[in-house]
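J.: Give me coordinates for this.
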Amino acid sequence: MSTVPAESVVTTASSRDGVDTGRLKAALDPEAHRIVYDQYLPREAADPLVGELDRISEVDRAHLVMLAEHGIVDPARAAALLRAIEELRGSDFAPVRGRPMPRGVYLAYEGWLIEQLGDETGGILHTGRSRNDLNATTARLKVRGPYLALLEAVDGLAGVLLEKAAQYADVTMPAYTHGQPAVPITYGHYLAGVAGPVLRAYGQLLDAGREIDVNPLGAGAIGGTSVPVDPQRTAELLGFTATAPNSVDAVASRDFALHLLSAAAVLGVASARVAKDLSTWTSEESGLLRVADTLVGSSSMMPQKRNPFLLEHIQGRSTASLGAFVSAASAMTTAGYTNAIAVGTEAVRHLWPGLSDTTDAITLLRLVVAGTEPRPERMAARAREGFTAATYLAERLVMEGMPFRAAHHLVGETVLSALDSGRSLEETSRFDHDLAPDRVAAACAHGGGPGTDGLPPLKAQLGTYRAQLTDRQDRWSTAASLLTDAVRNAVREPVRP
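T.: Predicted coordinates:
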């Protein structure tokens, strides 16, 4: 009868912290842990009512500054109203949060201001404005945070893909079609290929973001306003780049939600496909890739396991935006082209989880790509064993004058002979050609093959998109400071940033 040494018992006990499993000696990457496990932990979420009131009051600040600057309302009354709004913002809207809201958040908030300041002052807040153009504006403000988070995740993934593509540009592996070894490429060439749809999605997201940079204020309920408001000024104060040219479109449309979800869905499909590849190549049977211990999990029962389970989370979350798109589009089709709850509320509510889950999936994929190393010897062996040089050999025969179909047939017979004899294609072929997979990959220098250096244009594209992202971040940040200064000048005393 065997016994477990005492020191082993101590080691086992000390490993119950969930880090040392015996096979795995490192904890899961903290960023991956947050995405995968923190969803199950209780957390104090920010009060959504406070968030909505914060966005409403941000629009109010810009609107009041504009009204006072243009002499539409008395500057002194606007200043008093701005002071009251700043006090509310400083208290996280505590006086408003406890009020009944039978007609919605905005009217409860406006009602409190009228009670405190009187109708002559509190009642000027809604001059030249409707809840319709207000809601269209706050929806655009709300999406900025999730939108930037997704863009930053996509930027990070694109950067890692291009970095690793350069690092592994000479690591030869088989490209697979129908699950079978096809032709030799490099792991770097594969990663550069993946960067293609990621960068296209980056561009599509930036394009979709131009719609959230349009200021709907001034559209009123749907027909504009006779009050001489200045949407260009409120656009400047809120960080928009343009004003809505048509009042109907301004309040009826939430196309930006569909375009963002569409771009995210296309990106998600590509991400799920890449996760499928990586899942196959990291299996013990394939053994082409090895994922770092910080990105795998163990089994609660089987001590030998190294499970690249993050890839399953990527597959599961990456297409949430596709479902969100279908749900949002379906909700919109029930409404006429006017201001509608089905559009502004029911459709748009699918945007937040769609963007959030896509951001998580892209972040996890970045971590896995960065923390995964190829196994060059195994990759090279599979390229040889899979006869991946066969197409190249047929093409060499074509260049020497043989019709392609005849060359195809002859090389096919050569592969069959090699299989029967247990030898490689190089050993079996009676033709004088270098069929080493790495040489073959390097020779494929046409049609965007692995013998070309396709990284410079991809890097240039990433640089262009990064500049656009930085410009948008800076513009929104600058507008926030500009608005704070404008409010400070209006009330003539320090206010909350």
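J.: Could you use CA atoms for every contact and neighbour count after this?
T.: OK.
J.: Least confident secondary structure element in the chain?
T.: Least confident element among the helices and strands of the chain, by mean pLDDT, DSSP states H and E: helix 6-14 (a mean of 40).
J.: right, and the helix or strand after that helix?
T.: helix 30-37 (DSSP states H and E).
J.: Please write out the alpha-carbon positions of that following helix in CSV.
T.: Extracted in CSV, the C-alpha atoms of helix 30-37 (Å, rounded to 0.1, in the frame of the first residue of the first chain):
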residue,chain,number,x,y,z
PRO,A,30,-5.8,39.5,-14.8
GLU,A,31,-7.4,41.1,-17.8
ALA,A,32,-8.8,37.8,-19.0
HIS,A,33,-9.9,37.0,-15.4
ARG,A,34,-11.9,40.2,-15.3
ILE,A,35,-13.7,39.4,-18.5
VAL,A,36,-14.4,35.8,-17.8
TYR,A,37,-15.0,35.6,-14.1
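J.: chain center to that helix: distance?
T.: 16 Å (C-alpha atoms, centre = their mean, to the nearest Å).
J.: What residues does the nearest residue to T241 once chain neighbours are set aside make contact with?
T.: Excluding its sequence neighbours, the residue lying closest to T241 (C-alpha to C-alpha, 6 or more residues apart in numbering) is D213, at 5.5 Å. Applying C-alpha atoms under 8 Å, 6 or more residues apart in numbering, we find D213 in contact with 140, 239-242.
J.: Which one of those sits in the busiest neighbourhood?
T.: Using other C-alpha atoms under 10 Å as the neighbour test, those are led by F240, with 26 neighbours.
J.: for that one, helix, strand, or coil?
T.: Of the three states, F240 takes coil according to DSSP: H, G, I helix; E, B strand; the rest coil.
J.: isn't it right up against V214?
T.: Yes. Between F240 and V214 a contact is recorded at 5.7 Å, counting by C-alpha atoms under 8 Å.
J.: Show me where the protein dips below the pLDDT cut-off.
T.: Along the chain, segments meeting pLDDT under 70 span 1-21, 39-46, 493-497.
J.: Closest to the centroid, which residue in it?
T.: By C-alpha atoms, centre = their mean, the chain has its centre lying nearest to L150, at 3.3 Å.
J.: Name the helix or strand for that one, please.
T.: Here L150 is assigned to helix 131-167, by DSSP H and E.
J.: Identify each buried residue in that helix, please.
T.: 132-141, 143-144, 146-148, 150-166 (16 or more other C-alpha atoms under 10 Å).
J.: Report the contact partners of V194.
T.: 161, 270, 274 are the contacts of V194 under C-alpha under 8 Å, 6+ apart.
J.: tell me which residues of the host helix or strand of it are tucked away?
T.: Using DSSP H and E, the element containing V194 is helix 187-209. Applying a neighbour-count criterion of 16+ other C-alpha under 10 Å, the buried positions in helix 187-209 are 187-195, 197-206, 208-209.
J.: out of the contacts of D213, which one sits closest to M399?
T.: Lowest distance from M399 to the contacts of D213 (C-alpha to C-alpha) belongs to T241, with 57.0 Å.
J.: those strands in the protein, which residues are they?
T.: Assigned by DSSP state E, the strands in the chain fall at 172-177, 180-186, 214-215, 242-243, 289-291, 372-374.
J.: Redo those strands as CSV? Include distance to A486.
T.: Listed next are the strands of the chain as CSV, based on distance: least, C-alpha to C-alpha, whole Å:
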stretch, distance to A486
strand 172-177, 59
strand 180-186, 57
strand 214-215, 18
strand 242-243, 20
strand 289-291, 53
strand 372-374, 51
